[in-house]
Structures are given as structure tokens and as C-alpha cells.
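Enquirer: Based on what follows, work out the 3D shape:
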Amino acid sequence: MGLFAKLGRSSDLVQGMASRLGIDYGGMVAADPQAQGRKYMRAVLRCSTCRNQDGCSDLQQKVTELAEAPSYCRNAQLLAHLRGN
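Expert: Have a look, this model is predicted:
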């Protein structure tokens, strides 16, 4: 998979995971593009290094809501913070 395809997939996975946790990441970035845009970019880069993207994609296809990010998620701590947990 090429770099841009990998980053695109990672962006979709980060957005999908955030959505399933009730986090409006797009709205957060729109409200504060400088700060939140950087955080989002780092989240996408962390996701791009994950070895379980297929598992994450499968999980997101099966569920519409999650109480927390899976333990293997490299953004679990960030997502919990954004959610207020």
C-alpha cells in the first residue's frame, strides 16, 4: 500500500473510531484548526503504524457505538481524553 493510501485509510479509521465513541473530531478540527488539526494529524500518523488496522476496520464494520477504544488502539488514550474519560 502506498503512503497516501495508508494515510487515507488511517484517517478514515481514526475518524470512524472517534465517531463510534461519540467524538465529533471533524467539528473539533473545524473549531480550532491549528491545535486540533495537529492533534488529528498525530493521531492519523500513530494509526498508520498500527499492525491491526484490518481488525480495527472489521470492528468498525460490525458496530456503530463503542464504550471505549480497543486495547490495541494506539490512540486509545487520546480518544479517552477527548471523550472526557
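Enquirer: Please enumerate the helices of the protein.
Expert: Secondary structure of the chain, counting by DSSP state H: helices at 3-20, 25-31, 33-48, 53-62, 76-83.
Enquirer: got the angle between the fourth one and helix 33-48?
Expert: Read it as helix 53-62. Interaxial angle of helix 53-62 relative to helix 33-48 (axes from the mean of the first three to the mean of the last three CA atoms, to 10 degrees): 110 degrees.
Enquirer: from here on, count from 17
Expert: Understood, numbering begins at 17; the last thing we discussed is helix 69-78.
Enquirer: What mean pLDDT does helix 69-78 get?
Expert: The average pLDDT for helix 69-78 rounds to 98.
Enquirer: Mind listing residues that contact that helix?
Expert: The set of residues external to helix 69-78 that reach it, using CB atoms under 8 Å, 6 or more residues apart in numbering, is 25-26, 29, 32-33, 36, 63, 66, 86, 88-89. To be clear about C-beta, it is placed using only N, CA and C from the backbone, and glycine gets the same treatment.
Enquirer: Recalculate using a threshold of 7 Å.
Expert: Helix 69-78 has contacts (CB atoms under 7 Å, 6 or more residues apart in numbering) with 25, 29, 32-33, 36, 66, 86.
Enquirer: Identify each buried residue in stretch 82-90, please.
Expert: By neighbour count with 16 or more other CB atoms under 10 Å, stretch 82-90 contains the buried residues 82, 85, 89-90.
Enquirer: picking up where we left off before, please produce CSV containing the helices of the chain, extended by mean neighbour count.
Expert: Formatted as CSV, those follow (neighbours: other CB atoms under 10 Å):
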stretch, mean neighbour count
helix 19-36, 17
helix 41-47, 14
helix 49-64, 16
helix 69-78, 14
helix 92-99, 16
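Enquirer: Appreciated, that's everything.
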